[in-house]
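Engineer: Mind looking at a prediction? Sequence and model below.
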Amino acid sequence: MLRKKSHRNNKQLYYSLNFLKLLIPNFFYRNRLKENLNEINKYDLDYIKMRVNYYNKIDRDINLSDNVSNLSALKIKNFHRTYFFDSYEFTRYFNPGLKMNFLFGDITHVPDVPSIVKSRPIMDNHKNSVLFKLNKIRHFTYTNDSNEFENKKDMLIGRGAVSKKHKKRFDFYKMYFDNKLCDLGQINNNTDHDHWIKKKISIEVHLKYKFILCIEGVDVATNLKWVMSSNSIAVMAKPKIESWFMEKQLIANYHYIEIKDDHSDLEEKLTYYIDNLDECIKIIKNAKVITLYDFARQTGVKISTANEFLQKSLKNGAIKKIGGFSGHHVYQPISE
């Protein structure tokens with residue numbers, strides 16, 4: 001019996017593995033810390049420093065107050081399970097007496113003290129917001145889209161929770177719910193607009209459309225990662241919040257189609273890109289640029305295996321090198 005292709009992360013596997021890891025004593029991880037750090041020279045140090053310095057902007061020693069909890073306070077019963085597991089994966093390597101402040105959930109402000117967060121506002125001074133890859137089972141989904149862009153529907157698809165706390169989404173639906181270029185639907189029931197309510201649809205159904213709405217909710221647009229890995233194009237305003245995905249680094253009309261903050265130019269933008277197939281294909285390719293480390297992570301193979309495949313693809317003309325630096329070159333597929 002053929003199984004339907006899944007575009008979602010396997011939650012059952014995620015929870016099973018993490019609960020099993022809880023059976024391993026923490027001293028095992030702490031004893032391995034030095035050994036693991038000694039292996040860092042096997043990797044691209046420039047790239048690692050770049051990523052670390054991006055996520056953690058703190059450039060001086062800071063003494064945390066007595067109000068900040070020790071790592072030993074990080075318990076599964078006290079937090080949402082995914083946030084706990086994604087933090088505990090790393091904190092268990094360190095002395096439980098060390099202090100660290102965690103702000104879990106959809107964080108859109110800069111905390112008063114340095115804190116581990118999933119999301120932070122895109123602004124100049126956000127040093128106290130240290131980004132961690134949290135709730136990754138929900139936020140970091142990637143897809144393998146076999147649908148050709150030109151065969152997809154000339155429409156924008158959008159499904160999501162809509163309420164007064166999702167102001168951007170609420171305003172967008174109010175403007176475009178009945179627009180002929182849009183297929184929008186609200187998946188929650190608490191609403192004053194009953195006609196907005198539609199059933200949830202799979203990622204697979206989303207991928208039948210050329211354009212997918214990636215509008216920010218309380219914090220980031222959760223679907224942006226899998227949309228940018230597909231053969232459809234993300235449509236959104238300039239990001240105001242960023243996560244581990246580094247949304248600030250995305251380039252308008254290069255990685256995604258950018259609309260104004262008030263969404264007033266949506267029809268103009270959709271009509272333009274419907275009429276300009278070549279530009280759409282370029283955006284899709286730009287959104288899919290990969291590095292050696294990305295490829296190894298997404299395929300689950302060793303760095304050496306991934307490098308061998310990329311070098312062979314480079315020689316065969318299937319991909320091209322478009323930037324980056326030693327150990328972190330960026331590759332892009334070449335169209336036939």
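Structural biologist: That came through fine.
Engineer: Helices of the stretch 1-150 of the chain, start to end?
Structural biologist: Secondary structure of the stretch 1-150 of the chain (DSSP state H, counting those that start in this stretch): helices at 11-21, 26-38, 45-55, 81-91, 136-139.
Engineer: which other residues reach the first one?
Structural biologist: It stands for helix 11-21. By CB atoms under 8 Å, 6 or more residues apart in numbering, the surrounding residues in contact with helix 11-21 are Arg81, Thr82, Phe85, Glu89, Ile137. For every residue, glycine as well, the C-beta is placed using N, CA and C.
Engineer: just curious, which of the residues you listed is nearest to Tyr209?
Structural biologist: If you rank the contacts of helix 11-21 by distance to Tyr209 using CB to CB, Ile137 comes first, at 24.9 Å.
Engineer: separation between the closest one and Asn9?
Structural biologist: Distance, Ile137 to Asn9, using CB to CB, to the nearest Å: 5 Å.
Engineer: higher neighbour count, these two?
Structural biologist: More crowded of Ile137 and Asn9, by other CB atoms under 10 Å: Ile137, with 19 against 16.
Engineer: contacting residues for the more buried one?
Structural biologist: Taking CB under 8 Å, 6+ apart as the test, what Ile137 contacts is Asn9, Lys11, Tyr14, Thr82.
Engineer: Narrow those residues to those that are buried.
Structural biologist: Applying 16 or more other CB atoms under 10 Å to the contacts of Ile137, the neighbour count classes Asn9, Tyr14, Thr82 as buried.
Engineer: Dump the host helix or strand of Leu314 to PDB, restricted to CA.
Structural biologist: Counting by DSSP states H and E, the element that carries Leu314 is helix 303-316. Extracted in PDB, the C-alpha atoms of helix 303-316 (Å, rounded to 0.1, in the frame of the first residue of the first chain):
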ATOM      1  CA  ILE A 303      29.200  16.300   5.300                       C
ATOM      2  CA  SER A 304      31.700  14.300   3.200                       C
ATOM      3  CA  THR A 305      28.800  12.600   1.300                       C
ATOM      4  CA  ALA A 306      27.000  15.800   0.700                       C
ATOM      5  CA  ASN A 307      30.200  17.500  -0.500                       C
ATOM      6  CA  GLU A 308      30.900  14.600  -2.900                       C
ATOM      7  CA  PHE A 309      27.400  14.900  -4.400                       C
ATOM      8  CA  LEU A 310      27.600  18.700  -4.800                       C
ATOM      9  CA  GLN A 311      31.000  18.600  -6.400                       C
ATOM     10  CA  LYS A 312      29.800  16.000  -8.900                       C
ATOM     11  CA  SER A 313      26.700  18.100  -9.600                       C
ATOM     12  CA  LEU A 314      28.900  21.200 -10.100                       C
ATOM     13  CA  LYS A 315      31.100  19.300 -12.600                       C
ATOM     14  CA  ASN A 316      28.000  18.000 -14.400                       C
END
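Engineer: Give me the helices and strands touching it, please.
Structural biologist: Counting contacts by 3 or more CB pairs under 8 Å, 6 or more residues apart in numbering; DSSP states H and E, helix 303-316 packs against helix 292-299, strand 319-325, strand 328-333.
Engineer: could you list every residue that touches Thr222?
Structural biologist: Arg138, His139.
Engineer: go on, the one 10 residues further on?
Structural biologist: In this structure, Ser232 makes contact with Asp145, Phe149, Lys152, His206, Leu207, Tyr209, Lys210, Phe211, Ile212, Ile284, judged by CB under 8 Å, 6+ apart.
Engineer: So which bits of stretch 47-67 are buried?
Structural biologist: Per 16+ other CB under 10 Å, stretch 47-67 contains these buried residues: Tyr47, Arg51, Tyr55, Lys57.
Engineer: Make TSV from these and add distance to Tyr272 and pLDDT to it.
Structural biologist: Output for the buried residues of stretch 47-67, formatted as TSV (distance: CB to CB, whole Å; pLDDT from 0 to 100):
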residue	distance to Tyr272	pLDDT
Tyr47	36	72
Arg51	35	84
Tyr55	35	93
Lys57	37	94
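Engineer: Need those in JSON lines (columns: distance to Asn253).
Structural biologist: Below are the buried residues of stretch 47-67 laid out as JSON lines (distance: CB to CB, whole Å):
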{"residue": "Tyr47", "distance to Asn253": "27"}
{"residue": "Arg51", "distance to Asn253": "25"}
{"residue": "Tyr55", "distance to Asn253": "26"}
{"residue": "Lys57", "distance to Asn253": "28"}
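Engineer: of all the residues you listed, which comes closest to Arg169?
Structural biologist: If you rank the buried residues of stretch 47-67 by distance to Arg169 using CB to CB, Tyr55 comes first, at 26.9 Å.
Engineer: Leaving out the residues flanking it, which one is nearest to the closest one?
Structural biologist: The shortest distance from Tyr55 to any non-neighbouring residue, by CB to CB, 6 or more residues apart in numbering, is to Leu131 (4.1 Å).
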